[in-house]
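Engineer: Here's my sequence, what's the structure:
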Amino acid sequence: MGESVSDAVLFEATDNGVAIITLNRPETRNCLSKEIRSGLFAAWERFEHDPALRVAILTGAGTKAFCAGGDLKEMVETAMTVPPRDMFPVPYDTVELSKPTIAAVNGVAYAGGWMLAQACDLCVAASTARFAVTEVKVGRSSPWATPLIHMIPQRIMMEILLTGKPIDARRAYEIGLVNRIAEPGELLEVALELAGEILAGSPHSVRAARDTVMLSTEMGRSAALQAARFAAVSCYESMDAQEGPNAFAQKRIPRWQGR
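Structural biologist: Here you go, the predicted structure:
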């Protein structure tokens, strides 16, 4: 079922629980204009609050750009200094999400485009995609890049931020920023395959697994272990935790209920 939350951001809900969110301003390389930001806030909210949707894929329209970053014209017109804290719809930061997200990067992901790709839990890139944190080229800053240290080595992060030079999809894969590379015409298919692998698991287990990863990036070993055990209790106590072993014993596919 396809439906738009706005002209600038398209929203499609598949029958098996995937939300496909598309930045739809290819003529401006899907830059983060007011209408894109507004549409994306609405799309994330719709995804989070629809219990039938379990995984979201974020991509861009066209073949040239996933998202080329902030709207520089708007910055000039408003003489913008520090961006308002709630200006950009960033998953798990300014937008509260409890479900997994996948960035399907179809072209350039520069500055704010890198920010969105980085913020998603997983990233699939077209072989033609390029990534860059270009803020040093325009006199801006990239505090949002801080979590990148948990994804790639420090010296590589340092070079990317200090030079603003782009890296291609292969290099992004090599350093651990990208999970999978696809040919441009197969990008969405590969992203949907990855989403399908997540959907095969219990919703409770997926949430607990995501919590485990995020807790381990924010805490020391002992504190993370304790927090992760606490976060896993609802999973262990769910009906799905009984269904999984039963399905295995009966040699059948589990029927997850999400409760």
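
Engineer: Check the most centrally placed residue in the chain and give its pLDDT.
Structural biologist: In the chain, the centroid-proximal residue (Cα atoms, centre = their mean) is Cys120; its distance is 1.7 Å. The pLDDT attached to Cys120 in the predicted structure is 98.

Engineer: what sits against it?
Structural biologist: Counting by Cβ atoms under 8 Å, 6 or more residues apart in numbering, Cys120 makes contact with 58, 91, 101-103. In short, each C-beta sits where N, CA and C put it, glycine included.

Engineer: Identify the residue nearest Leu188 in space, chain neighbours excluded?
Structural biologist: Distance criterion Cβ to Cβ, 6 or more residues apart in numbering; nearest residue to Leu188, sequence neighbours excluded, is Ala104 at 6.0 Å.

Engineer: ok, now which ones touch the one you found?
Structural biologist: The neighbours of Ala104, taking Cβ under 8 Å, 6+ apart as the test, are 57-59, 66, 124-125, 187-188, 190-191.

Engineer: what does the model give it for pLDDT?
Structural biologist: We have a pLDDT of 98 for Ala104.

Engineer: So what sits opposite it in the bridge?
Structural biologist: Thr59, Val124 (DSSP bridges).

Engineer: quick one: it from Ala182, how far?
Structural biologist: From Ala104 over to Ala182 the distance is 8 Å, taken as Cβ to Cβ, to the nearest Å.

Engineer: got any residues that touch both of these two?
Structural biologist: Contacts common to Ala104 and Ala182, judged by Cβ under 8 Å, 6+ apart, are 124-125, 190-191.

Engineer: For PyMOL, what selects the buried ones among those residues?
Structural biologist: The following PyMOL line selects those of these that are buried, judged by 16 or more other Cβ atoms under 10 Å:
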select buried, resi 124+125+190+191
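
Engineer: Quick one: the shared contacts of Ala104 and Ala182 as JSON lines, columns for distance to Ala43 too.
Structural biologist: Shown next, in JSON lines, are those (distance: Cβ to Cβ, whole Å):
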{"residue": "Val124", "distance to Ala43": "18"}
{"residue": "Ala125", "distance to Ala43": "21"}
{"residue": "Val190", "distance to Ala43": "21"}
{"residue": "Ala191", "distance to Ala43": "16"}
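
Engineer: Just give me the closest of the shared contacts of Ala104 and Ala182 to Asp50.
Structural biologist: Of all those, Ala191 has the smallest distance to Asp50: 18.9 Å, by Cβ to Cβ.

Engineer: Excluding chain neighbours, what is closest to the closest one?
Structural biologist: Nearest to Ala191 is Ala104, by Cβ to Cβ, 6+ apart, at 4.0 Å.

Engineer: same question, Leu116
Structural biologist: Nearest to Leu116 is Cys67, by Cβ to Cβ, 6+ apart, at 5.8 Å.

Engineer: Roughly how far does the one you found sit from Val108?
Structural biologist: Distance, Cys67 to Val108, using Cβ to Cβ: 8 Å.

Engineer: got it, and Ala52?
Structural biologist: As judged by Cβ to Cβ, Ala52 and Val108 stand 33 Å apart.

Engineer: neighbour count winner among the two?
Structural biologist: Comparing Ala52 with Val108 by other Cβ atoms under 10 Å, the one with more neighbours is Val108, at 24 against 10.

Engineer: Quick check: which ranges of this structure have low pLDDT?
Structural biologist: Residues of the chain meeting the criterion pLDDT under 70: 1-5, 71-72, 76-77, 79-80.

Engineer: repeat that for 80
Structural biologist: Applying pLDDT under 80 to the chain flags residues 1-6, 69-81, 83-84, 259.

Engineer: Any idea how far apart the tips of stretch 236-244 sit?
Structural biologist: 11 Å (Cα to Cα, to the nearest Å).

Engineer: Just the buried positions in that stretch, please.
Structural biologist: For stretch 236-244, the neighbour count (16+ other Cβ under 10 Å) marks 238, 240, 244 as buried.

Engineer: Looking at those, which one is closest to Asp15?
Structural biologist: Nearest to Asp15 among the buried residues of stretch 236-244 is Asp240, at 20.8 Å by Cβ to Cβ.
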